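**Student:** Quick check, what structure comes out for this input:
(one chain, ligands or ions: 1)
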Amino acid sequence: VNVRQALVYASQWVDKLDAELLLGHCLRVARPHVYAWPEQLLTPLQQQQFIDLFEQRQAGKPVAYLTGCKEFWSLSLQVDEHTLIPRPDTESIVELALRKLPRTVQTIVDLGTGSGAIALALAFECRLWSIFATDLHLATLQRAKANAQRLGLNQVQFVAGDWLTALNYLQADAIIANPPYIAADDVHLAALCYEPQAALVAADQGLADLFTLIEQAKMQLKQGGFLLLEHGFDQSASVQAKMRQAGYQSIETCYDLTGHARGSFARYMR
Ligand SMILES: C[S@@+](CC[C@H](N)C(=O)[O-])C[C@H]1O[C@@H](n2cnc3c(N)ncnc32)[C@H](O)[C@@H]1O
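**Tutor:** Alright, predicted model coming up:
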């Protein structure tokens with residue numbers, strides 16, 4: 001079987017892009033190589049591995065967990081069953097942070113870092129920023145730390161713990177988080193069964209962690225510091241009402257590329 005035949009077969013059942021990524025993974029080459037060398041023959045071992053991955057993909061397992069990596073902000077991040085697969089939507093949070101934050105020395109916090117996506121994208125963009133990345137789960141934090149090391153982004157420090165209690169006395173210029181925000185009875189959860197539920201689900205219709213962060217951040221933001229939270233497209237009103245009630249100012253909505261609300265931004269003045 002050659003590359004073209006394998007792709008033609010697999011693309012009948014799974015997305016063509018997914019088939020290319022899986023085949024590239026089996027051949028240990030980047031995706032463009034798969035188009036460039038359609039006549040290349042697969043070894044029996046490669047063929048077996050491709051069939052195995054293809055079947056798991058057909059059963060619903062995300063490609064990123066099959067290949068072990070996902071691109072985010074042009075960085076190749078390793079992921080596993082302990083880390084959420086970083087989403088393109090979250091890149092709009094990174095973009096807004098980059099637009100708002102001065103490129104001078106700043107202390108920035110990424111709470112619930114998962115694979116390290118937000119912290120590492122920010123570190124990649126500005127070497128002057130001192131960045132703290134946290135997660136409640138040690139296995140998750142280990143993965144994020146390994147990603148930082150592999151990418152040589154050494155200005156990120158990793159701390160385990162529950163939201164801001166992980167960073168007791170730290171005063172930050174900006175606190176950023178993509179916390180769990182899906183309601184436990186949301187029908188979309190069924191499609192996300194391969195990802196860690198602790199990364200996805202929050203109590204109180206998905207608002208519990210967002211509200212905790214809004215309260216906690218007040219204590220650890222410097223005067224005029226930024227809070228930037230990713231949330232569901234239909235949670236802006238609740239999140240922003242909570243921000244106003246907690247005394248934040250300059251509240252703005254962050255939109256993704258499709259025009260959906262993706263997050264809320266605010267500043268805290270004492
Ligand atoms: C939606 S995921 C976001 C991961 C990553 N920031 C991203 O954007 O891809 C939420 C993350 O928050 C972490 N988390 C959940 N509860 C937490 C808590 N109480 N304190 C710190 N992190 C928590 C989860 O382990 C998970 O990695």
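
**Student:** now what about the helix or strand Arg4 falls within, what contacts it?
**Tutor:** In this structure, Arg4 sits in helix 3-10 according to DSSP states H and E. Residues from elsewhere that reach helix 3-10, judged by Cβ atoms under 8 Å, 6 or more residues apart in numbering: 16, 19-20, 22-23, 27, 34, 37-40, 42, 47, 50, 54. Yep, even glycine has a C-beta here, placed from its N, CA and C like the rest.

**Student:** Now do the strands in the stretch 151-270 of the chain.
**Tutor:** For the stretch 151-270 of the chain, the strands defined by DSSP state E, counting those that start in this stretch occupy 156-160, 172-177, 221-230, 248-255, 261-268.

**Student:** are any of the contacts of helix 3-10 buried, and which?
**Tutor:** The neighbour-count test (16 or more other Cβ atoms under 10 Å) marks Ala19, Glu20, Leu22, Leu23, Leu27, Val34, Gln40, Leu42, Phe50, Phe54 as buried among these.

**Student:** Turn those into JSON lines, including secondary structure, distance to the ligand and pLDDT.
**Tutor:** Output for the buried ones among the contacts of helix 3-10, formatted as JSON lines (DSSP: H, G, I helix; E, B strand; the rest coil; distance: Cβ to the nearest ligand atom, whole Å; pLDDT from 0 to 100):
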{"residue": "Ala19", "secondary structure": "helix", "distance to the ligand": "25", "pLDDT": "95"}
{"residue": "Glu20", "secondary structure": "helix", "distance to the ligand": "23", "pLDDT": "94"}
{"residue": "Leu22", "secondary structure": "helix", "distance to the ligand": "22", "pLDDT": "96"}
{"residue": "Leu23", "secondary structure": "helix", "distance to the ligand": "26", "pLDDT": "96"}
{"residue": "Leu27", "secondary structure": "helix", "distance to the ligand": "28", "pLDDT": "95"}
{"residue": "Val34", "secondary structure": "helix", "distance to the ligand": "27", "pLDDT": "87"}
{"residue": "Gln40", "secondary structure": "coil", "distance to the ligand": "34", "pLDDT": "93"}
{"residue": "Leu42", "secondary structure": "coil", "distance to the ligand": "33", "pLDDT": "95"}
{"residue": "Phe50", "secondary structure": "helix", "distance to the ligand": "28", "pLDDT": "96"}
{"residue": "Phe54", "secondary structure": "helix", "distance to the ligand": "26", "pLDDT": "94"}
